[in-house]
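A.B. asks: Okay, structure incoming, though there's no sequence with it:
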């Protein structure tokens, strides 16, 4: 699995993993974050540009040799 998301009555969450969250911590400032998770209110969605960056970082992380 690459990323996932969840939705609740009062908030939503995007789960791109810990590395993308850390890599883009300055851009995700203002949102509730924890290891691998960004939570946001339904009326204040994540910017599409941030979502794209998080996904691209996750893809690069998964593609890197182990």
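C.D. replies: The structure has been received and is ready for your questions. None of the values given here were measured: they were computed from a predicted structure.

A.B. asks: Quickly note the distance from residue 33 to residue 27.
C.D. replies: Distance of residue 33 to residue 27, given as C-beta to C-beta, to the nearest Å: 11 Å. (Glycine included, C-beta is placed from N, CA and C.)

A.B. asks: Pick out whichever of these two has more residues nearby.
C.D. replies: A count of neighbours by other C-beta atoms under 10 Å puts residue 33 above the other of residue 33 and residue 27, at 18 against 14.

A.B. asks: now for the lengthiest helix in the chain, which elements pack on it?
C.D. replies: Secondary structure of the chain per DSSP state H: the longest helix is helix 48-63. Counting contacts by 3 or more C-beta pairs under 8 Å, 6 or more residues apart in numbering; DSSP states H and E, helix 48-63 is packed against helix 18-23.

A.B. asks: Buried residues, the helix it packs on. List them.
C.D. replies: Neighbour-count burial for helix 18-23, counted by 16 or more other C-beta atoms under 10 Å, picks out 19, 20, 21, 23.

A.B. asks: Nearest residue to the first one in space, please, no chain neighbours.
C.D. replies: Nearest in space to residue 19, with sequence neighbours left out and distances taken as C-beta to C-beta, 6 or more residues apart in numbering, is residue 61 at 4.9 Å.

A.B. asks: What of the third one?
C.D. replies: Nearest residue to residue 21 in three dimensions, chain neighbours excluded: residue 33, at 5.7 Å (C-beta to C-beta, 6+ apart).

A.B. asks: What residues does the one you found make contact with?
C.D. replies: 21, 25, 39 (C-beta atoms under 8 Å, 6 or more residues apart in numbering).

A.B. asks: For those, give me CSV that also has pLDDT and distance to residue 46.
C.D. replies: Formatted as CSV, the contacts of residue 33 follow (pLDDT from 0 to 100; distance: C-beta to C-beta, whole Å):
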residue, pLDDT, distance to residue 46
21, 97, 12
25, 95, 14
39, 97, 10
